[in-house]
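Asks: predicted model follows, preceded by the sequence.
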Amino acid sequence: LRPISVCAHYSRRWLVLINPAGGPGKAVKLFQERVLPIFSEAEINFDTVISERAGHVGEIVRSLNLDRYSAVILVSGDGLIYEAINGLMERADWRRAIKTPLGLIPAGSGNALAASIHQACGEPFSHDFVKHAALLLTRCIPQPLDLLYVQSLTSQRYAFLSFGWGIIADIDIESEKFRKLGENRFTVGALQRVLDLRSYGGKLSYLPADESNAWLAAPEVDIAASGDYVNVPSRPATNLLVPLCCPLPDSWISVEGQFISVYVTLTSRIAASSVAVPWAQLNDGLGYLCWVKGGLPKTAVTSFLLNLSTGDHLKSPYVQMVAIRAFRLEPRDKDGIMTIDGERIQYGPVQGQMLPSMARVLTR
Ligand code: ADP
Ligand code: MG
């Protein structure tokens, strides 16, 4: 790829938001040295803001003037993207706001969405990831991105990557103290967790994708294209869910017992070096629910984690995977770790529904 000038349609300014605390903490330098020259050559106009604290980017996008910026670029890991998406969804004009194209420069320890986008575009990301990401942005082609609405007893959030419970969620959160190690923090966290293996009791329920084709036949109207922002409801419709306190419809399937891992993913990768579901697309409208029941040998848990680097974990007889539209998880214990996009949420019963093509990202 060579940098090209942005097309006239996207010639307004970009807002570049940089997380100085992401990954090894080099995002500002990385932007100045590796990204800025490419943006300059492509004659992109932009303003930059350095995130001052956790939550700052959420505040910025909640009050962002959508007429001023044609895209929001995040120089960060997945955490800042999560803040941005949820900030956009909290706006009164969320239907329009969430269609703001998001561009990604990988500068965190996770970078799963950036890696998934590069994989979808057939662009390299193991070598010169930042340079390729910057070049890719200059093509400025917005593509739909699925979100997952996740509801607990106390909160409502929007995921673009994953919901996690069990060993992967524990590794993600417990390894945050090793952030300086970059992506290696996950290896250290995994070692700790396997040596002291836990299992987690609960009931997992899901609505398989093939049980909800009628729903699929009625896709989300592209409001951004139609320009019809009148009478916007306060939240997207989640017609597959019933209140968390109510029993689920018969079309749902449940699995009960001890689990080692429960993970719902939207994208092909859950880290630049970890494959969740090799064939997952950015906007296939599907969540991929993957679970491992308890009672398996530690060696099988170790190969499950190691095989995440290739996607071969799905070949293990201990691993179940199903494409879903919605899920519910009712943990038995009072305390533990649950994550949305790698960020910790309050523990307790949760459920979620796919929102196909809700957001947009810049691709090639
Ligand atoms: P990583 O991939 O290393 O987790 P992220 O870019 O995902 O890096 O960011 C991690 C967290 O940093 C996010 O949850 C975000 O809210 C937080 N954050 C943003 N700005 C700051 C800051 N100035 N200081 C500390 N934390 C911040
Ligand atoms: Mg998908």
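Replies: Noted; the coordinates are in hand. Ligands and ions are numbered 1, 2, ... in the order given.
Asks: give me the secondary structure label for I173.
Replies: The three-state label given to I173 by DSSP: H, G, I helix; E, B strand; the rest coil is helix.
Asks: how about it, what does it touch?
Replies: Counting by CB atoms under 8 Å, 6 or more residues apart in numbering, I173 makes contact with I337, T339, G342, R344. C-beta coordinates here come from the backbone N, C-alpha and C atoms, glycine included.
Asks: which bits of the chain sit near ligand 1?
Replies: 19-23, 51-54, 56, 76-80, 83, 108-110, 179 (CB under 6 Å from any ligand atom).
Asks: inside helices: which ones of those?
Replies: H56, D78, G79, L80, E83 (DSSP state H).
Asks: report the contact partners of the fourth one.
Replies: The neighbours of L80, taking CB under 8 Å, 6+ apart as the test, are L17, N19, G22, S51, V57, L74, G108.
Asks: please repeat the previous calculation with a cut-off of 10 Å.
Replies: Contact criterion CB atoms under 10 Å, 6 or more residues apart in numbering gives 17-19, 21-22, 27, 51, 54, 56-58, 74, 104, 107-108 as the residues in contact with L80.
Asks: ok, now the last one?
Replies: With contacts defined as CB under 10 Å, 6+ apart, E83 is in contact with 17, 19, 51, 54-61, 74, 76, 341, 343.
Asks: same check on the third one?
Replies: By CB under 10 Å, 6+ apart, the contact list for G79 reads 19, 21-23, 51, 54, 57, 108-110, 176, 341-343.
Asks: show me the two of those that sit farthest apart.
Replies: Greatest spacing in the contacts of G79, by CB to CB: V57 and E176 (17.9 Å).
Asks: which of the two has more residues huddled nearby?
Replies: Set V57 next to E176 and count neighbours by other CB atoms under 10 Å: V57 wins out with 26 against 13.
Asks: in strands, which of the residues of the chain next to ligand 1 appear?
Replies: Using DSSP state E, the members of the residues of the chain next to ligand 1 that fall in strands are S76.
Asks: just the buried residues of the contacts of L80.
Replies: Listed as buried from the contacts of L80 are 17-19, 21-22, 27, 51, 56-58, 74, 104, 107-108; burial here means 16 or more other CB atoms under 10 Å.
Asks: any idea which of these is least confident?
Replies: Going through the buried ones among the contacts of L80 one by one, the lowest pLDDT turns up at G22, 86.
Asks: what sits closest to it if chain neighbours are left out?
Replies: With CB to CB, 6 or more residues apart in numbering as the criterion, G22 has its nearest non-adjacent residue at 3.8 Å, and that residue is G108.
Asks: what values do phi and psi take at that neighbour?
Replies: When quoted as degrees, to the nearest 10, the phi and psi of G108 stand at phi -120, psi -160.
Asks: any idea how far W252 is from it?
Replies: Between G108 and W252 the computed distance is 35 Å (CB to CB, to the nearest Å).
Asks: contacting residues for the spatially most central residue of the chain?
Replies: If you average the C-alpha coordinates of the chain and look for the closest C-alpha using CA atoms, centre = their mean, you land on L161, 2.3 Å from that point. L161 makes contacts with 78, 81-82, 110, 112-113, 116, 147-148, 264-267, 269-271, 276, 339-343, as judged by CB under 10 Å, 6+ apart.
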